[in-house]
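Asks: just coords:
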């Protein structure tokens, strides 16, 4: 398996919610710049036609991620809105309150822990994991895939990064890559919403957020499972559950990450 298990600051329970949310807001800006939201919107629309679902349970939602924007875009073209339930193994209660305060009829945040490795306990609908699957160590990642297959639950996984760089090259160019991401975060921060005092202070006065954002961004590259890694995790195919593993394409036909779609055979 090419993927290696480095740490990311976002994985640590001791990280204050204000800093975690600040990094999430930077990631959302990055996804908008990279066109990820449109790619995930198109992928989700395609998958919904396959599974005939009208609601989505997003796993590992963190502070919300791209799925609220994705489902909002989907609902703009639908007579009957798709409903979205955000979930996490360790729900960020501040994010729960912010989402619920919007009082949107089509979106809620589940306040209790939801374990993606036990699909039988996960609320219904299409399950999604957007740019979060790489956080799982191989044992847990395998459990998620196996549980979806055994419980006959439709699952869409999307990863924006692709682990193609030789590990030695990643280490050699790491100082340059970190510096570029730190500089990028300084320019991206003014576009974050909401722009909190914590984000400003810990970006420009005490640059904790740019350093953590840069490290997490680079670590995620080598933590991302390759397509061969995914096939190894899935193992022997099932006759009553099928997997679709393929590159994701943007509107211009350019490769933008990859997706894994599993669903029961009808």
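Replies: That came through, no problem. Treat the numbers as computed from the prediction; the structure is a model and nothing was measured.

Asks: Just give me the neighbour total for the residue lying closest to residue 241 once chain neighbours are set aside.
Replies: Distances taken as Cβ to Cβ, 6 or more residues apart in numbering place residue 149 nearest to residue 241, at 4.4 Å, with adjacent residues excluded. Bear in mind the C-beta positions are built from the backbone N, C-alpha and C, glycine included. Using other Cβ atoms under 10 Å as the criterion, residue 149 is surrounded by 22 other residues.

Asks: Pull up the gap between residue 149 and residue 117, please.
Replies: The span separating residue 149 from residue 117 equals 12 Å under the rule Cβ to Cβ, to the nearest Å.

Asks: Equivalent analysis for residue 60, please.
Replies: Counting by Cβ to Cβ, the separation of residue 60 from residue 117 is 11 Å.

Asks: cool, and residue 243?
Replies: Distance, residue 243 to residue 117, using Cβ to Cβ: 17 Å.

Asks: next one: residue 171
Replies: As it turns out, when the distance is counted by Cβ to Cβ, residue 171 lies 31 Å from residue 117.

Asks: which one of those two has more residues nearby?
Replies: residue 117 (19 against 11).

Asks: Quick one: residues contacting that one.
Replies: With contacts defined as Cβ atoms under 8 Å, 6 or more residues apart in numbering, residue 117 is in contact with 140, 143-144, 147.

Asks: from these, which would you call buried?
Replies: The neighbour-count test (16 or more other Cβ atoms under 10 Å) marks 143-144, 147 as buried among the contacts of residue 117.

Asks: Now render those residues as JSON lines, adding distance to residue 12 and secondary structure.
Replies: Conversion of those to JSON lines gives the following (distance: Cβ to Cβ, whole Å; DSSP: H, G, I helix; E, B strand; the rest coil):
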{"residue": "143", "distance to residue 12": "22", "secondary structure": "helix"}
{"residue": "144", "distance to residue 12": "21", "secondary structure": "helix"}
{"residue": "147", "distance to residue 12": "25", "secondary structure": "helix"}
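
Asks: how about a markdown table for those residues, with pLDDT and distance to residue 195 added?
Replies: A markdown table is the format used below for the buried ones among the contacts of residue 117 (pLDDT from 0 to 100; distance: Cβ to Cβ, whole Å):
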| residue | pLDDT | distance to residue 195 |
| --- | --- | --- |
| 143 | 97 | 38 |
| 144 | 97 | 34 |
| 147 | 96 | 39 |
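
Asks: So which of the residues you listed is the closest to residue 56?
Replies: Set against residue 56, the nearest of these by Cβ to Cβ is residue 144 (16.3 Å).
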